[in-house]
Every structure is written in C-alpha cells, then in structure tokens.
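*Asks:* 3D, please:
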Amino acid sequence: MRARLFSLLTLLMLLQAGYTAAAREFTISGCIGGTGNSGIYLYRFYGDLEIKTDSAKTTPEGCFTFHLNDSLPPGQYRLIFNGNRFLDLVFNHGDISFSTTLDHLIDSIRFTVSEENDLYYKYLKFRSKSRYRIRQLHKQLKSFPEDNPQYRNTRQEIMSLVKQENDFTQRLLNGRENYFAARLVQIDREPQPDPAWSQELRNRYVFSRFLGYLDYSDTLLLYTNAFSAEIISYLSVVTALWPQPDSTAYGFRLAAFNLLSASGNSEKMFGFIKSYLIRGFTRLGYIRLAEELDNTSYRDNCFTGALTTDASLHREMLTGKKIPAFSKLKGCTNQQTDGNDAGLLIILSAPGCIWDENMRHNVMQSLILSPYGKYRALTLTAEGTDIIPVNDKENICIRGKKEYAKIRRIAGHPRAPLLIVTDSGGTIEKTAGSWAALLNGSEL
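*Replies:* Predicted coordinates for the structure are as follows:
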C-alpha cells in the first residue's frame, strides 16, 4: 500500500515538474529615462475592467523588468508610473524590450524587441502628427468663405491628409492583419467625412459607416480597454446626431441593436455588449431600453437565423445565384441613382422580428452615405403582410405569395430578415444579416 502511495506521489511530482518545464516565460523590460527610483505597475484589461497584474521598482536610470507566463492572455497591457503617467503595450506571448523618456514618451520610444509594438507605435506616431494637422486645418477652414480659393485649398489638404493616413495604415497592416496590434489600429480607425459638409451630414456619415472597420465578434477585443471606449464613441455620435431627448432614445436604440447584431458570430461578445449597454442605459435613465435589451436573447430564433455562423455559411452559398422575379422587383422601385444602372439592395423582411425593424431603420438612415448608396433599395414582403414603413423614403414592395415564396426558398431562414445586394442583372453579389455585417469588408 505504501509502495503504491509512494509511486503515485512520485508520478504527481514528475507531472508537476513536466508542467513547470513546459510553461513559457516572457519578459517586459524597459527603461524610461527621467522616472528615477520609483514604482511601476503593470495592468491588463478585460472589457471595462482594469486588472493589476504586477509591480516593480525602477533603477535610478528608470529601468525595470516584468516576468509573465503564458497563462496570461494576449492583449493590451498598461504601465503606470510617476503618478498618472502611462504607456500601453501589446503583449502577445512574446518578449518586449524598449526605451523612452518621460518627457517624450511616444515620440522617443524605441523597441529593440517586439515587432507588434513597433508596428503599433509607428501607427500612433503617424496618426498623432496627421490628426494634429487635420484639426488645425479644420479650424482654418471655418475662417474662410466657401467661395474663397483658400477654402478650397484647405479642404483639399484635409482630404489629402486623410487619404495619406488611410494609405499608410493599409501598407502598415498589409500581411500583418492577424497581429494583435492590428486590432488596436483598426479599432482606432473612424470614418472621415468631407470637411465641407454640414455638421449634421458629417455626423450622419460617421454613424452610417462607424461599424465597418472592425470584427465585433472577435473575443480578443475584450482584452483591451479600447473596445468599451469604441462603444462609447459610437453612442456619442448618436447624441450629436439626435440631440433632443426623444430622438436620442431612438438613436440609442438603433445603435444598441446595431452593436448586438455586429457581434452575431459570438455569443460571448453579444453577452458583453448587452451587459455593458444595459448598465450604461440604466445609469442614464433609459430604463425602457435597458429592459428591452435585457429581454433580447442570443438564442432567439430570429437572431440566430439572421446573424450567427450557420446563417453566414448559408448566405455565402447564395453569392453568384440569380434572384427570382428580378425584373418584377426592379419595377417596384422608382428610386433615382446618379446615372448608373445600379443593382438592388433588397431587404427581405421578416415582420415580427426585432432585427427586421432595426435593419430597415439602418438602411433608411445610412444608405445614401454608405458604399451602397448607388443601389436602389426596396423592402420586400409577402402579399397581405401588414408592414409599416419606417419613414417616407422606404420603398415597400409587395409581391404575390408565389413570387415571395420563391425568393424565400432560395434565401432560407424564413424567420429572419436578410439583406441581398444584386448587380444590375439580378445576380447576387453579397448578402448579410445586418447593416454592420454588410458594411464590414466594404470599401470605406
């Protein structure tokens, strides 16, 4: 009996030794000149939580080292020092080594180890200079009348700088799209409207395209504080676009369901966004909206039919097929385009599904200023279906039950709404279960 017990203990010790040997360790080492002999703290993020991970003492030269193992998740980590000074790093299960100075944290930072952080700070440095110049030019633009040559030159310079920033970012991320740093770069991107437009038009443009830069179903985004900040930024566009209390409630509801639908392939992301929004709207006093969100389930048939992975796989099979009764559908719309014989953007309606109403509101609010503005939009529903237009611009097309059934048969998922984009001949180019999914991957 004792021999057997001894053997078991020996086996456990060997297993533990093997596990310890297998565990990998990584270092974050840096020197921040000017900090002196002080404490430095390492934090990581989960959603909107900041989690203290480690602490160290700096040398007189401001140098320090942290040791991390692979049980810690990849993500955005933050160094806090000298009171409230901080520096963000990308930890992706690799060593990091850098140097900088307290007076010029970002401008003087140099990475000797960590390609990801080198990439991230190249972006931050370029963006900082570009955005500073763009802000200056925006102020300058307001001082000129529109017919002044200086106005046209300033507007052109702004648009040129925006293009340069987009081109630089695209080159920087080319071949590195799967880096964790790429997520932080993409989450920082935002639509840049024409500076000559009115403020309302610029706000509408930003709202219509805001969700097109990021995969909101990516659970690794939870290991940054940028994701919760992204949600707040999106909601701030709502308050600018719909400033009156009643209209703000409408905008918040539209934005909330946009965010939930954008997370469609991930129940975990759906749950985080839902919980975060409920807490926020409750604090702001939008109790009815918070309760509506609380009653919205990822497992709801209408949601899963529109937005989850299985639905996405089915929709991909539709690309390249002909939409039935296309000529009759085309006759449903009298919408004018800018001279192009564009195809159709069809909202295949599913009355009674919360995502149906949300989708239709989105298309009507955002279509003209989106990459799909050249398409003629119509909402397709079955004969005799009671459907109320979301506004006076919505083009309701009521076909016979047989024609509607043919289209539904090819599209599948009868309990969920669907967006179908066709070319001018009726061939399906793209499908999506939400406005956010349609924008994702489009040329923004």
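*Asks:* would you say Cys31 is within a strand?
*Replies:* Yes. Applying DSSP: H, G, I helix; E, B strand; the rest coil, one finds Cys31 inside a strand.
*Asks:* Looking at strand pairing, list the partners for it.
*Replies:* Cys63, Ser99 (DSSP bridges).
*Asks:* With the one 10 residues further on instead?
*Replies:* Tyr41 forms beta bridges with Ser55, Ile80, as assigned by DSSP bridges.
*Asks:* so what's it up against?
*Replies:* When contacts are counted by C-beta atoms under 8 Å, 6 or more residues apart in numbering, Tyr41 touches 52, 54-55, 79-81. Using the backbone N, CA and C atoms, a C-beta is placed for each residue, glycine as well.
*Asks:* and those residues, which are buried?
*Replies:* 79-81 (16 or more other C-beta atoms under 10 Å).
*Asks:* just these now: which is nearest His93?
*Replies:* Nearest to His93, judged by C-beta to C-beta, of those is Leu79 at 18.0 Å.
*Asks:* where's that closest one relative to His67, distance?
*Replies:* Plainly put, Leu79 is 15 Å away from His67 if you go by C-beta to C-beta, to the nearest Å.
*Asks:* just the strands in this protein please.
*Replies:* Applying DSSP state E to the chain gives strands spanning 25-33, 39-46, 49-57, 63-69, 75-81, 85-91, 96-101, 110-113, 344-348, 376-382, 396-399, 418-422, 428-432.
*Asks:* Adding mean pLDDT, write the ones you listed out as CSV.
*Replies:* Formatted as CSV, the strands of the chain follow (pLDDT from 0 to 100):
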stretch, mean pLDDT
strand 25-33, 96
strand 39-46, 96
strand 49-57, 95
strand 63-69, 95
strand 75-81, 96
strand 85-91, 96
strand 96-101, 96
strand 110-113, 96
strand 344-348, 87
strand 376-382, 84
strand 396-399, 81
strand 418-422, 87
strand 428-432, 85
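*Asks:* Can you check which of those gets nearest to Ser297?
*Replies:* Comparing those by C-beta to C-beta, strand 418-422 comes nearest, at 20.0 Å.
*Asks:* Now do the contacts for Leu241.
*Replies:* 200, 203-204, 207, 251.
*Asks:* can you pick the most crowded of those?
*Replies:* Phe207 (24 neighbours; other C-beta atoms under 10 Å).
*Asks:* The spatially closest residue to that one that is not a sequence neighbour and Ser275: what is the separation?
*Replies:* Leaving out its chain neighbours, the residue that sits closest to Phe207 by C-beta to C-beta, 6 or more residues apart in numbering is Val237, at 4.9 Å. Counting by C-beta to C-beta, the gap from Val237 to Ser275 is 21 Å.
*Asks:* follow-up on the earlier one: in helices, which of the contacts of Leu241 fall?
*Replies:* Among the contacts of Leu241, the members found in helices (DSSP state H) are 200, 203-204, 207, 251.
*Asks:* so can I have JSON lines of the buried ones among the contacts of Tyr41 showing distance to Ile232?
*Replies:* Below are those laid out as JSON lines (distance: C-beta to C-beta, whole Å):
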{"residue": "Leu79", "distance to Ile232": "23"}
{"residue": "Ile80", "distance to Ile232": "21"}
{"residue": "Phe81", "distance to Ile232": "26"}
